[in-house]
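Participant: Build me a model:
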Amino acid sequence: MKLFHEIIRKKAKPRTYFDELAQLGLLDEYLKKFLKDDYKSDEIFKDEIFETLILNSREVVPEIEIFFLEQLCKTLSYFLEYTKQWRIQEP
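Facilitator: You can find the predicted model right below:
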């Protein structure tokens with residue numbers, strides 16, 4: 001029963017102001033106007049905002065797509081560098 005209560009507590013979060021702004025498509029504008037420094041410097045805050053945008057935004061958010069594409073490029077670059085010795089074999 002305790003596990004059930006923990007699951008409910010984690011999933012039953014109240015909607016926040018950011019959730020509402022994301023759903024209306026105004027969160028990006030709000031952040032740029034009022035929380036620009038926090039958004040750029042605080043990685044934890046930025047991750048929370050990205051999660052909010054992913055879960056609540058009705059439209060595609062280019063910043064999130066760019067962020068994930070950059071992360072994918074970094075990961076693939078690392079993979080290619082790591083596997084270079086097996087991919088490129090000298091005769």
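Participant: Please enumerate the helices of the protein.
Facilitator: Remark: helices assigned in the chain by DSSP state H are 2-11, 17-24, 27-34, 36-41, 43-56, 62-82, 84-87.
Participant: Adding mean neighbour count, write those out as a markdown table.
Facilitator: Heads up, the C-betas are built off the backbone N, CA and C, glycines and all. Output for those, formatted as a markdown table (neighbours: other C-beta atoms under 10 Å):
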| stretch | mean neighbour count |
| --- | --- |
| helix 2-11 | 8 |
| helix 17-24 | 16 |
| helix 27-34 | 14 |
| helix 36-41 | 11 |
| helix 43-56 | 14 |
| helix 62-82 | 11 |
| helix 84-87 | 8 |
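Participant: ok, now how distant is the closest residue to Ile54 other than its chain neighbours from Ser41?
Facilitator: Distances taken as C-beta to C-beta, 6 or more residues apart in numbering put Ile64 closest to Ile54, at 6.4 Å, once the chain neighbours are dropped. Per C-beta to C-beta, to the nearest Å, Ile64 is found 18 Å from Ser41.
Participant: looking at the helices of the chain, which one has the lowest mean pLDDT?
Facilitator: Ranked by mean pLDDT, these end with helix 2-11 at the bottom, a mean of 66.
Participant: how much space between the nearest residue to Arg87 once chain neighbours are set aside and Leu26?
Facilitator: Once flanking residues are discounted, Arg87 sits nearest to Leu80: 7.7 Å by C-beta to C-beta, 6+ apart. Distance of Leu80 to Leu26, computed by C-beta to C-beta: 40 Å.
Participant: got the domain boundaries for this structure?
Facilitator: Per the record, the chain has its domains at 1-59, 61-91, by automatic domain parsing.
Participant: next one: the last one to chain centre, how far?
Facilitator: Yep, that's domain 61-91 we're talking about. Averaging C-alpha positions (C-alpha atoms, centre = their mean, to the nearest Å) puts domain 61-91 19 Å from its chain's average.
Participant: Over to the longest one?
Facilitator: A distance of 10 Å separates the C-alpha centroid of domain 1-59 from that of its chain, computed with C-alpha atoms, centre = their mean.
Participant: My guess is Val61 contacts Asp28. True?
Facilitator: Yes: Val61 lies in contact with Asp28 (C-beta atoms under 8 Å); the separation is 6.9 Å.
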